[in-house]
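J.: Just need the structure, nothing else, for what follows:
(one chain, ligands or ions: 2)
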Amino acid sequence: MPEKVDMFCYQCSQTAFETGCTVKGVCGKEATVARLQDNLLFSMKGISAYLYHARELGYTDPEVDAFIEKGFYSTLTNVNFDAGEFVKLATESGMMNIKAMQLLKKAHIETYGEPTPIEVKVGSVKGKGIIATGHSMKALEELLKQTEGTGINVYTHSELLPAHGYPGLRKYKHLVGQIGGPWFDQKKTFSKYPAAIVGTSNCVLIPKDEYKERMFTLGVAQIPGVKHIEDYDFSPVIETAKSLPDLEDEPRETVLTTGFGASTILSLAGKIKELVEAGKIKHFFVVGGCDSPKPQASYYTEFVKNLPEDTIVLTLACGKYRFNDMDLGDIEGVPRLIDIGQCNDAIVGIDVVVALSELFGMEINDLPLTFVLSWMEQKAAAILWSLLALNIQNMYLGPIIPGWVNEDILNVLVENYGLTPIGDPKEDIKKMLG
Ligand code: SF4
Ligand code: SF4
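T.: Ligands and ions are numbered 1, 2, ... in the order given. Okay, here's the model as predicted:
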């Protein structure tokens, strides 16, 4: 195990031993401040990803842009040495991330319509294929337009699964289903299917040689040796797909249900209230976030598998692939597993939670509700801070505690917000259900 450093900063020429300040800054910066600066950068990177995808569809928010400028500036050398201020900035980043997620949601809905639930088949059908992975709905839309009438089938992978919920995207009949699961199954999945592949955003893996030639990136995603397409011109992808062998018919027995928007869930509000009051729904869980290849992430599968039948799970982002093939059934017509979409759709989760608190006339923290989050990608820091900014208490976090958290920061998170590292799934369920 390498030795743990208190901090790491090499952003200016004063840096210790000309390699990096690792205990305390030569400038006087404390380790906790350095870590909180890193946390703020991660959160702002997350916000930037959502702003980027909103801008792809022509939507911007000058207030969030202004915050990003202030936030970056605050991390320059010799600007701000105050840990408390960086906690405040992190909280502000959480509120700005809510605005960014609202902006992207508005962009998606105004462009592609309000999502509605849909069952998506997993696996290939006979014919040429293109697999699109990542987060960009705009890229998928352009791909669908350009492949229409070519006979090529288009599949989503990973975080493009929620695209099927949008009427403006699922109207394309050649959007035939989903292939694979979370981001980290790419090497296995992309080797298996002889399709052209498009990486539309973050979470592209360095490809294996066996599919490198048929892989493409666009936008921010780039990989040395992999062709990058410009201006959403998918002609080289289409030519490649045509040159490849057909994908085969698979049984497609696994079906994933996605596309629960706020309006669909809230249309069930009356029924949910009735079921809660009758004691038929005891607790709600929001279980999601990024998925991690770490073995500890199997916690989330075990967690959902062991939940009592009078509970409802809202899920989002790659974390859902740990359990979204389970049939949890329904409680008198209310599905027990509700996939609200991509990580930015955490805003739908927030809207639903706020609506539940209004419905029951209770503060959010008094609701029978627990957040169980999985952390992997740095942009998840933005979502964590959004939930903290809303003062959501007693969330569970795993599969590991983020590396930028030291004892001081963990104490603040535990004391102020009751944040709890995940433990044993069955024991945690007992604690959560009181
Ligand atoms: S900003 Fe401070 S902590 Fe960072 S490298 Fe310079 S002296 Fe070290
Ligand atoms: S949800 Fe997280 S892990 Fe999954 S593709 Fe998006 S950023 Fe990557």
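J.: Quick check: can you list the domain ranges of this protein?
T.: Per the record, the chain has its domains at 16-112, 118-243, 260-433, by the TED database.
J.: The longest one and ligand 2 in contact?
T.: Right, the one you point to is domain 260-433. Yes. Domain 260-433 lies within reach of ligand 2 by C-beta under 6 Å from any ligand atom, at Cys290, Asp291, Ala317, Cys318, Cys343, Met376, Glu377, Lys379. Where C-beta positions appear, they are placed from N, C-alpha and C, glycine not excepted.
J.: burial of the residue nearest to Lys138 when sequence neighbours are not counted, as a residue count?
T.: Nearest residue to Lys138 in three dimensions, chain neighbours excluded: Glu56, at 4.1 Å (C-beta to C-beta, 6 or more residues apart in numbering). Residues lying near Glu56 (other C-beta atoms under 10 Å) number 21.
J.: what's the farthest-apart pair in the residues of domain 260-433 next to ligand 2?
T.: Asp291 and Lys379 (13.6 Å; C-beta to C-beta).
J.: Which one's more surrounded, those two?
T.: The neighbour comparison of Asp291 against Lys379 (other C-beta under 10 Å) goes to Asp291, with 26 against 21.
J.: in a helix, that's where the more buried one is, yeah?
T.: No. Asp291 sits outside any helix when classified using DSSP: H, G, I helix; E, B strand; the rest coil, being coil.
J.: Distance check, it against Glu210.
T.: Applying C-beta to C-beta, to the nearest Å, the value for Asp291 to Glu210 is 24 Å.
J.: and the domains of the chain as JSON lines, adding mean pLDDT?
T.: Formatted as JSON lines, the domains of the chain follow (pLDDT from 0 to 100):
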{"stretch": "domain 16-112", "mean pLDDT": "97"}
{"stretch": "domain 118-243", "mean pLDDT": "97"}
{"stretch": "domain 260-433", "mean pLDDT": "93"}
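J.: Helices along the stretch 301-434 of the chain, start to end?
T.: Ranges of helices in the stretch 301-434 of the chain, per DSSP state H, counting those that start in this stretch, are 346-360, 380-389, 407-417, 425-433.
J.: winner for burial among these?
T.: Ranked by average neighbour count under the criterion mean count of other C-beta atoms under 10 Å, these are headed by helix 380-389 at a mean of 25.
J.: Taking this structure, what residue is nearest to ligand 1?
T.: Gly25 (2.6 Å; C-beta to the nearest ligand atom).
J.: dump the residue contacts of the residue nearest the centre of the chain.
T.: Nearest residue to the geometric centre of the chain (C-alpha atoms, centre = their mean): Cys343, 2.6 Å. Cys343 makes contacts with Glu159, Gly288, Gly289, Cys290, Leu316, Ala317, Cys318, Glu377, Lys379, Ala380, Ile383, as judged by C-beta atoms under 8 Å, 6 or more residues apart in numbering.
J.: Alpha carbons of stretch 164-176, in CSV - could you do that?
T.: What follows is stretch 164-176, C-alpha atoms only, in CSV (Å, rounded to 0.1, in the frame of the first residue of the first chain):
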residue,chain,number,x,y,z
HIS,A,164,-35.9,5.1,-24.6
GLY,A,165,-38.2,6.9,-22.3
TYR,A,166,-38.3,10.1,-24.4
PRO,A,167,-41.0,10.1,-27.1
GLY,A,168,-38.8,12.2,-29.4
LEU,A,169,-36.1,9.5,-29.4
ARG,A,170,-38.1,6.3,-29.1
LYS,A,171,-40.2,7.3,-32.2
TYR,A,172,-37.2,6.0,-34.2
LYS,A,173,-38.2,2.3,-34.8
HIS,A,174,-34.5,1.4,-35.4
LEU,A,175,-33.7,2.3,-31.8
VAL,A,176,-34.2,-1.4,-30.9
